[in-house]
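Colleague: Curious how this folds, go ahead:
(2 chains)
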Amino acid sequence: MKFSRHTRTAAAVAGAAAFALLAAGCSTGASSAEPASSDNPVTLTVTTFGTMGLGDLYKQYESDHPGITIEATNIDTGGNALTDWKTKQAAGSGLADVQAVEEGWLGQVMAVSDAFTDLGQYGAADIKDRWVSWKMDQATDPEGRVIGYGTDIGPVGLCYNKDLFKEAGLPTDRAEVASLLGGDNSTWADYFETGKKYKEATGNAWYDQSGFVWNSMVNQLPEGYYQADGTLDIDGNAALAERWGELAGGAAAGLSAGQTQWDWGKGKAFVDGSFATFVCPGWMLGVVQGQVEAAGGNADSGWDFADVFPGGATNWGGTFLTVPTQSKHPAEAAELAAWLTDAKAQVAAFQAAGTFPSVTAAQGDPGVSGSNALSKFFNDAPVGEILASRAEGVKAQYKGPNDSVIQEQVFGPATIALDKGTDGTTAWNDALATLKNLDLK
Amino acid sequence: MGTMPSPDPWEKKPMTSTLSPPSGPAQKHGPRSGRAPVTPNAAEAPRPRSALRSRLGALDVKASPYLYVAPFFILFALVGLFPLVYTFVVSINDWDLLSGAGEWVGLENYAAELTDPYFWNSLFNTFSIFLLSAVPQLVAATFIAALLDQNLRAKTFWRMGVLLPYVVTPVAVTLIFSSAFDEKYGLINNLLQMLDIDPVGWKSEVLPSHLAIASMVNWRWTGYNALILLAAMQAVPRDLHESASLDGAGALRRFFSITLPGIRPTMIFVIITATVGGLQIFTEPKLFNPSSSTLGGPNREYQTTVLYLWDLAFNRGDFGKASAVAWLLFLIIIGVGLLNFFISRSIASADAKHHAKSGRTARRAARRAARKRTLRRAHGQAAHDSKEDPS
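Modeller: Sure, this is the predicted structure:
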């Protein structure tokens, strides 16, 4: 589940959904015909999820724009936010004026892209050069309508625990770790081989569970579960099968700690030495910090961030701000979405949550590349610089209509099976059987 | 109104009654009440108006009961019947959650679901969890009720105590149990490991996960059912117990021969509500492992039918099939309800005559016995009368 960003606490979902309903029900005010002002107040609702780091920006926008009131709702995880969006989209009412949409949902979102306001009507063309070009392409539907403005992208680096590396006799310096894993030419074979050495030295697992490693492997391919023309391509896909074999080999060698993803024993697994490496898209850094702190750890728990990733540059996740056509104030909402995704806002969001900017000007901003609370947590690693380096050469992968369902319901169980000792071939065949049972296209 | 010197609000009562009620009763009551302003008013009314009034009155008598029960039925039609019918309409279409109605497909969705292994898996899970929860729960509830039925000190304290779990919301219960049943860091597996027992896959194996979920249901509902059974036990006549113990029946014998038969109707009620609730179980399996990517366990180990339905509708977006599952579940619940009804009826009639072998002979025997009883009673009464007569 690539879109989940926090431990799921379902109790919070119910509350969040109720608040969203309440907020949506209250979003009255002037009609969109005349612009908002203090005489013509407009209330805009915003729905986000996980840790997007936008919380502090709303107040500033309100004080800069008299007459605008922002009612924000943050849903705990991307998965729950997707359910929330689908339900309200299906019901035809209840969506916020500004709605966050995750990359992994794009397949489903694009199927109903006319349910989103074409931001081209509100000046998208004037600001389109802000973003890395593939981000803008992802948000453009086949008819050329721009349905969202990019917030963050998810370049992936490798989180590792330097204390555990030291115990195993491996290098601890992040540049040395990068070259240990093959540097710029790092391959998955390098990653698993080093893992086996680590396992031999310590008896402990190398990574937390197979699911996230598999997500990264699939995201990295030019085409994942779908070909670019939208046809499902899993059975007989040689590239997928080869990587599955590597992953199964790693699990068979005991490199996976078999943790529960998005749970990790409420963070305990991050501080008790259960595993030494962790795949880290930019937005995951905030998750790691949250997990470590939830389990009572801190910056001294040993986590560090290296500028290397097996198999090369890849993107995992990232979000867009959209304006559903359900909004009664599309002009004001589009303006807010544009403001929340400009360079200054993205720098602020990065500092709050580690979400790496999709706006090129923000990527090079000292506020991103310099030191901040997040970099201090990761042993003073220049996380912004590393992520910028990891973002080089990233290409967006086409996401089909059932991408997220396949990820969760077909390969979710299969990767758990690997972690529990099922051999690779059996698990792969079981996955194909599941795919058939689910009747996905 | 304000300017009128209004003396006592009660004074107005006769006035109002002459204005509204049906003419029949008003004419009857009028003279009896002896109030001057009332009688003339009714008598002076022009004939056509009184005919209209009597027709209105008749309408009132006939129609107003329906009006009074209407709110329930209107609400039921809105939130019960309409969704039911609409769900059926959705179920015979190829209906996507987001893009809406597609082609009409007849009963194809039903056929697809009836051959879908995940549907049958969900039914198996539902019934397994239901049996694992309902049976021990009812046994324990009866036992607890029997204990509470004894002469205890601080009765209210104990009775409130067993109801406490029911007050806690299922979400909170599930979060706590989910943490206790965690496979790697949970309390229960930690305890097992301390006793050198292998940890149990509470969230990834079929039977352990069913037991864990059943334990949540039991924790929540046992006390509630115990209180209902306790109320029924207290309605069992005490003199039956007394005479039985005079005849030498022990506590156990009295429990099985007096208490249990005495609470049978309540027991049937409890069983039926437990069935309807148990077959629709959702919250516990939904939140048992909220981080699981597949709802109801990695390989659907504890995916119940309602959970499966939800997954179909909101994750896979297939509203048509989800609606078909909803209807199938509806039919299954009706089926199980009818089964309950027939079983309970045959139990009830078997009760009338212990030696009866089947329901029909039992009823016949019961009728015979009843006839005999009346005869005997009439006989006895006659004898009694004749005895009393001479005095």
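Colleague: Going by C-alpha atoms from here, please, whenever you check contacts or count neighbours.
Modeller: Will do.
Colleague: surely A:A343 meets A:A361?
Modeller: Yes. In this structure A:A343 lies within contact range of A:A361 using C-alpha atoms under 8 Å: 6.0 Å.
Colleague: Report the set of residues contacting both of these two.
Modeller: A:R130 (C-alpha atoms under 8 Å, 6 or more residues apart in numbering or on different chains).
Colleague: isn't A:W188 right up against A:V308?
Modeller: No. With contact defined as C-alpha under 8 Å, A:W188 does not count as touching A:V308 (11.4 Å).
Colleague: Looking at those two, which one has more neighbours?
Modeller: A:V308 (28 against 20; other C-alpha atoms under 10 Å in any protein chain shown).
Colleague: so how far is chain A from the spatially most central residue of chain B?
Modeller: The centroid of chain B falls nearest to B:T273 when counting by C-alpha atoms, centre = their mean (4.1 Å). Applying C-alpha to the nearest C-alpha, to the nearest Å, the value for B:T273 to chain A is 26 Å.
Colleague: so who does the residue in the stretch 101-250 of chain A that chain B sits nearest to touch?
Modeller: Closest approach between the stretch 101-250 of chain A and chain B, counting by C-alpha to the nearest C-alpha: A:V112, at 6.7 Å. Counting by C-alpha under 8 Å, 6+ apart, A:V112 touches B:98-99.
Colleague: cool, and B:L328?
Modeller: B:Y110.
Colleague: quick check: mean pLDDT across the helix or strand hosting it?
Modeller: Remark: B:L328 resides in helix B:319-352, with elements defined by DSSP states H and E. Mean per-residue pLDDT for helix B:319-352: 84.
Colleague: Is there a neighbour count for B:A251? I'd like the number.
Modeller: 12.
Colleague: what about it, distance to B:S257?
Modeller: 10 Å (C-alpha to C-alpha, to the nearest Å).
Colleague: three-state assignment of B:D94?
Modeller: Judged by DSSP: H, G, I helix; E, B strand; the rest coil, the three-state class of B:D94 is strand.
Colleague: circling back: distance of the residue of the stretch 101-250 of chain A closest to chain B from A:A333?
Modeller: In terms of C-alpha to C-alpha, A:V112 sits 19 Å off from A:A333.
Colleague: So which residues of chain B form strands?
Modeller: B:93-96, B:100-104 (DSSP state E).
Colleague: Select from the ones you listed the stretch with the lowest mean pLDDT.
Modeller: strand B:100-104 (a mean of 88).
Colleague: can you state the direction angle for it and helix B:319-352?
Modeller: 80 degrees (axes from the mean of the first three to the mean of the last three C-alpha atoms, to 10 degrees).
Colleague: interface residues of the stretch 151-300 of chain A facing chain B?
Modeller: Residues of the stretch 151-300 of chain A lying close to chain B (C-alpha under 8 Å from any C-alpha of the partner chain) are A:259-263, A:265.
Colleague: A:L374: which of these is nearest?
Modeller: A:W262 (19.8 Å; C-alpha to C-alpha).
Colleague: Which parts of chain A are strands?
Modeller: A:42-49, A:68-75, A:98-102, A:148-161, A:205-207, A:275-281, A:303-306, A:315-322, A:356-357.
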